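**Student:** Got a sequence here, can you build the structure:
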Amino acid sequence: MESAAFIAGMSAIGAGIAALAVIGGGIGTGNATAKAVESIAKQPDASGKIMTALIIGGALSEATAIYGFLLGLLLILMGVKG
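**Tutor:** Sure thing, here's the model as predicted:
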């Protein structure tokens, strides 16, 4: 087996695994938004604190998804080059 083909194949598998981070980020952000809306519906007076926590948590969740996307993209580009 050629080493270039092996590296390309492993890079593709690694990129697929890194894509799970993107899926997890989307699911996490969706769950957090649902719970925030539910909490605001129960306690409208606390909406400011809930929104602040939602924005901070959403930013961290999306940052994780972006890191996974960049890692997958990097693996694909290295596999094509290698």
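
**Student:** Which secondary structure element is home to the residue nearest the centre of the chain?
**Tutor:** By C-alpha atoms, centre = their mean, the chain has its centre lying nearest to Ala65, at 1.9 Å. Assigned by DSSP states H and E, Ala65 falls within helix 47-81.

**Student:** For that helix, buried residues please.
**Tutor:** 50, 54, 57-58, 61, 64-65, 68-69, 71-72, 75-76, 79 (16 or more other C-beta atoms under 10 Å). In this view, the C-beta of every residue, glycine as well, is placed from N, C-alpha and C.

**Student:** what's the answer for stretch 22-38, then?
**Tutor:** Buried, per 16+ other C-beta under 10 Å, within stretch 22-38: 22, 25, 28-29, 32, 36.

**Student:** max-length helix in the chain?
**Tutor:** Counting residues, the longest helix found in the chain (DSSP state H) is helix 3-42.
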